[in-house]
Every structure is written in structure tokens, then in C-alpha cells.
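Asks: Attaching a predicted model along with its sequence, questions to come.
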Amino acid sequence: MRLRTSLSALVLMTVLTLAGSGLFAREFPSDDSGRDRVGIDYDEIMARGYIEIGVYEDLAPYSWRDSSGQLQGVDVALARLIAEALGVGLRVTDLPADEDVDTDLRNYIWRGHYMGRRVVNVLMRVPYNRELDYRNELAALTGRYAQERIAIAYRRSDYPDEPPWPGSFTTRTVAVENHSLSDFYLTGLQQGALIRNMTRRRTLPEAIDLLRAGEVSAVMGIRSRLEHYLRDAPEFAVESGPLPGLAIGSWPIGIATAFYTARMLSYELDDILTEAVRDGRIEAIYHAHGLTWEAPGR
């Protein structure tokens, strides 16, 4: 089932699992995983002459379709960078987010969707943490290329002295995307004292519309997405200051490939993305889209 809140669940699930336990070794696949060894390796990709890369559907500024139906965004540009570095053609597929990252890895990387949708060679914008990596033994999480971060967008005139922080919303209004990390975080602060000043909307753009209309003083969400939707409005600013009580306010983003059938591919792509981080090409892609880039945590 496609849910509009599934994109937010990607972030929420990642942060909640960062504090998880139960790491386990991954020397061998699960007993029932023989049938799941799908996908192709580096040599086969080179032989056929193209790579299939999956990006998330309707997730601006990372991947979305413009008015002519063409895929745009940071992750689409990164997919081109990967294909060019390999010297092969590129096929990009935009994929709907499911309820959590584990399901996306299963559907798009190592098993395939029950409705027959094919797996891709690479899935972009996969949040990285050790627990998620070890729990998904049939997917290889690698190629970290940026750091995602929670931030607050606000109208400059509403906060002339200093940017807002979560405590500001005891007296000021704030909008959030429903069921997002920001929603859960603010709801839980000060034993729910901020709830009366919170407004929830189904999507982040809808929350930002409230800010533009002056109905709220701020919006809390992922920094790059806030920057994207407010890039044409100099009266607004985006700040990522301290977030008291939030254990994980930022997390690295990378890619996923199949673990057992595409190990050589994962090594090759990690090298490509690591070099692109080092020489500034990835930062340049972010800046070309009007976004702040932060080096990924290791």
C-alpha cells in the first residue's frame, strides 16, 4: 500500500533503529535465502552496457518528475555520475517508498516485489547505521555520500534576534509533516507541552505553505527539503541548531546493492562515491540544486 507518509517513515525508522541492539554476524545467508540470490554483478553490468539505479518517487529535491515527466534531482545526478564513472549507460527508475527501509531493501535490492517489480542494481538514498546494515544481511549498505539533518525553517522577521529552537515553540507556532521524525520529536518534548502550538500536514510542502501564508512561524523537517521548497524566498531562513532530547538529529546517506550477488559492484561504487566526495563533485551537485552539503559521518 502506498502511503504519503511512507517517505517520512524512511527517516523515522532509521533513527529509531540506531539505538537498537542484537547485532549479528553476516558470514553466511539465512537458511531460507537461497531463492533470494537475485540481481547481477559488476561483470554482467559491464557486459550488457548499462546499470539500473533506483531513486525514490516524488521526493524533491532528491528525485522527482518535472512537468514534462523527466526525472530530476540530486540522486538522479548522482546516478549519472555513477554510470559515467563505470563507462556504461544508465536506466533510472523511481520507486515508491514502503513503510520502512527494510521493506524497500527487500523489494528493490535482494528479492523483488510480490507484484513482479524487478530489483535494481543500486538503490539511492539509503540511510546508514550498523544495526540496519547487519539486520539486512542480503543487502550491502555502502557508498556514503552525504549527511542528512533535521532543521527548522522560519520567517526572518518573526525571529529578528536569534533563530528558533524547539523551546521557541512553547509560545510560537510550528508546522510539521504528519508522522515524521519532527512530529514525533516535538510531540514528546516537555511532556507534550508543545502540542497546542503544533500544526500537522500530510506532506512537507503543505506544511511550508502554512509558513509562506504566515499561519505558522516555522516548519521543522529535513534540511535539504526545507531548502529546496524555500530557495526562491529570501525572507525565510533554514537553520540546523541544537535539538535537545533528540538522540539522532543527523545520519549518513548512501546506497545499497545486493550483498551476495553484487559484492564487486558495491566495492566499485563505494570507490566511485568516496572519490566524488573527496574531489568535491558531490558537493557541487548539491550546490547546483541550491542545497547545503555536509560530508557523511563514518
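Replies: Yep, that arrived.

Asks: how about the helices of this structure, start to end?
Replies: For the chain, helices defined by DSSP state H occupy the ranges 6-18, 42-48, 74-86, 101-105, 130-135, 181-188, 204-212, 223-229, 263-278, 281-288.

Asks: With respect to burial, which of those scores highest?
Replies: Highest mean neighbour count of these: helix 223-229, a mean of 24 (counted as mean count of other Cβ atoms under 10 Å). Quick note: C-beta positions are derived from backbone N, CA and C, even for glycine.

Asks: So for that one, mean pLDDT?
Replies: For helix 223-229, mean pLDDT is 98.

Asks: Contacts for it, please.
Replies: Helix 223-229 has contacts (Cβ atoms under 8 Å, 6 or more residues apart in numbering) with 60-62, 74, 148-153, 204-205, 208, 219, 238, 240, 286, 289-292.

Asks: hmm, back to that, dump the helices of the chain to JSON lines, plus distance to M198.
Replies: Putting the helices of the chain into JSON lines (distance: least, Cβ to Cβ, whole Å) gives the following:
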{"stretch": "helix 6-18", "distance to M198": "15"}
{"stretch": "helix 42-48", "distance to M198": "47"}
{"stretch": "helix 74-86", "distance to M198": "29"}
{"stretch": "helix 101-105", "distance to M198": "26"}
{"stretch": "helix 130-135", "distance to M198": "29"}
{"stretch": "helix 181-188", "distance to M198": "6"}
{"stretch": "helix 204-212", "distance to M198": "10"}
{"stretch": "helix 223-229", "distance to M198": "16"}
{"stretch": "helix 263-278", "distance to M198": "36"}
{"stretch": "helix 281-288", "distance to M198": "30"}
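
Asks: do you know which of the ones you listed lies nearest S157?
Replies: S157 lies closest to helix 204-212 among the helices of the chain, at 12.2 Å (Cβ to Cβ).

Asks: and D94, which of the helices of the chain is closest to it?
Replies: Closest to D94 of those is helix 74-86 (Cβ to Cβ; 8.8 Å).

Asks: D133 - nearest residue in space that isn't next to it in sequence?
Replies: Closest residue in space to D133, ignoring its immediate chain neighbours: L141 at 4.6 Å, by Cβ to Cβ, 6 or more residues apart in numbering.

Asks: count of residues packed around that neighbour?
Replies: For L141, the count of nearby residues is 25 (other Cβ atoms under 10 Å).

Asks: What score does W110 have for pLDDT?
Replies: Looking at W110, its pLDDT reads 88.

Asks: how close does the nearest residue to L291 once chain neighbours are set aside get to D75?
Replies: Distance criterion Cβ to Cβ, 6+ apart; nearest residue to L291, sequence neighbours excluded, is S224 at 4.8 Å. Plainly put, S224 is 11 Å away from D75 if you go by Cβ to Cβ, to the nearest Å.

Asks: which residues touch the residue nearest to R231 when sequence neighbours are not counted?
Replies: Spatial nearest neighbour of R231, excluding adjacent residues (Cβ to Cβ, 6+ apart): G290 at 4.2 Å. Under the criterion of Cβ under 8 Å, 6+ apart, the neighbours of G290 are 61, 227-228, 231.
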